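Undergrad: My questions are about this predicted structure, shown below with the sequence.
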Amino acid sequence: MTETDVFRALADPTRRAVFERLASGPQNATALRDGFAISQPAMSQHLKALREAGLIREARMGRHVTYAVDPEGLAPLRGWLTRYSAFWPARLDDLKTLLREMDQ
Amino acid sequence: MSDDADAGLDFGCELEAPPEKVWRALTIPAFRERWLGASAPAEPEVIAAEPPHRLSWSWREAGEPDGTVTFTLTPTESGGTALRLVHRRAAQPVQVAANGNITMLLAA
């Protein structure tokens, strides 16, 4: 999975909300749909997109399917977050320095 | 943090200079280079400007989705600027200024 796939999957607000819900604990499809005003097919599509991006996993027990966050799913984002979490504060410090040196 | 926290980074800081001066530091290339540095991983391109309140750049970096960096400048009571910087990892729709002022050519 690339960072782009992960990001695309999370760019949709409903999918992000579904992912956040699962981040608080595994749920089956019925429980997951509670609280989301979307149809069952729409929910299935969101779950499929999240699964294909490697963000969630499903476990099937007979007719019952449980969805859970895949702990490795966000790994591609971590590099980006780490990099820019350091980059921007350093740049903003340089901006402060520049502002002191600039003429009005 | 907003509910977009997983999609980007959000920084805030207070600057001693007024928004007009901060705006010049952000937009005039010779100034920008002095704080953003020649080693910046992407060459920013202005996609929205509402001086001196709001500035958005596209942030294209090899191997990454096209992102955006948005600065919001708010004057403080002490004559400084509250700066907020939001870096989104993908080109989510950029809010267009209410007056329709999407882009502005910048004086060098």
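TA: Everything's here; your move.
Undergrad: What residues does chain B have near chain A?
TA: By the rule Cβ under 8 Å from any Cβ of the partner chain, the part of chain B lying against chain A is B:3, B:6-7, B:9, B:11, B:13, B:15-17, B:21-22, B:24-26, B:31, B:34-37, B:40-41, B:64-65, B:83, B:85, B:87, B:89-90, B:92. All C-beta spots, glycine's among them, are computed from the backbone N, C-alpha and C.
Undergrad: Residue 68 bridge partners, please.
TA: Just going to use chain A. Counting by DSSP bridges, A:Ala68 is bridged to A:Arg57.
Undergrad: The intended chain is chain B.
TA: Going by DSSP bridges, B:Thr68 is paired in beta bridges with B:Ser58, B:Arg88.
Undergrad: does B:Thr70 count as helix, strand or coil?
TA: Taking DSSP: H, G, I helix; E, B strand; the rest coil as the rule, one finds B:Thr70 in the strand state.
Undergrad: What pLDDT is listed against it?
TA: Looking at B:Thr70, its pLDDT stands at 95.
Undergrad: Roughly how far does it sit from A:Phe7?
TA: Distance of B:Thr70 to A:Phe7, computed by Cβ to Cβ, to the nearest Å: 17 Å.
Undergrad: and the nearest residue to A:His64 once chain neighbours are set aside, what does it touch?
TA: Computed as Cβ to Cβ, 6 or more residues apart in numbering or on different chains, the closest residue to A:His64 that is not its neighbour in sequence is A:Asn28, at 5.9 Å. By Cβ atoms under 8 Å, 6 or more residues apart in numbering or on different chains, the contact list for A:Asn28 reads A:His64, A:Val65, A:Thr66, A:Tyr67.
Undergrad: my read is the second one is in a helix, agree?
TA: No. According to three-state DSSP, the state of A:Val65 is strand, so it is not within a helix.
Undergrad: Please verify my assumption that it contacts A:Ile56.
TA: No. Here A:Val65 does not reach A:Ile56: they are 11.2 Å apart, not a contact under Cβ atoms under 8 Å.
Undergrad: The two: who's more crowded?
TA: A direct count of neighbours by other Cβ atoms under 10 Å in any protein chain shown for A:Val65 and A:Ile56 places A:Ile56 higher, at 24 against 14.
Undergrad: Buried residues, stretch A:18-33. List them.
TA: When burial is assessed from 16 or more other Cβ atoms under 10 Å in any protein chain shown, stretch A:18-33 yields the following buried residues: A:Val18, A:Phe19, A:Arg21, A:Leu22, A:Gln27, A:Leu32, A:Arg33.
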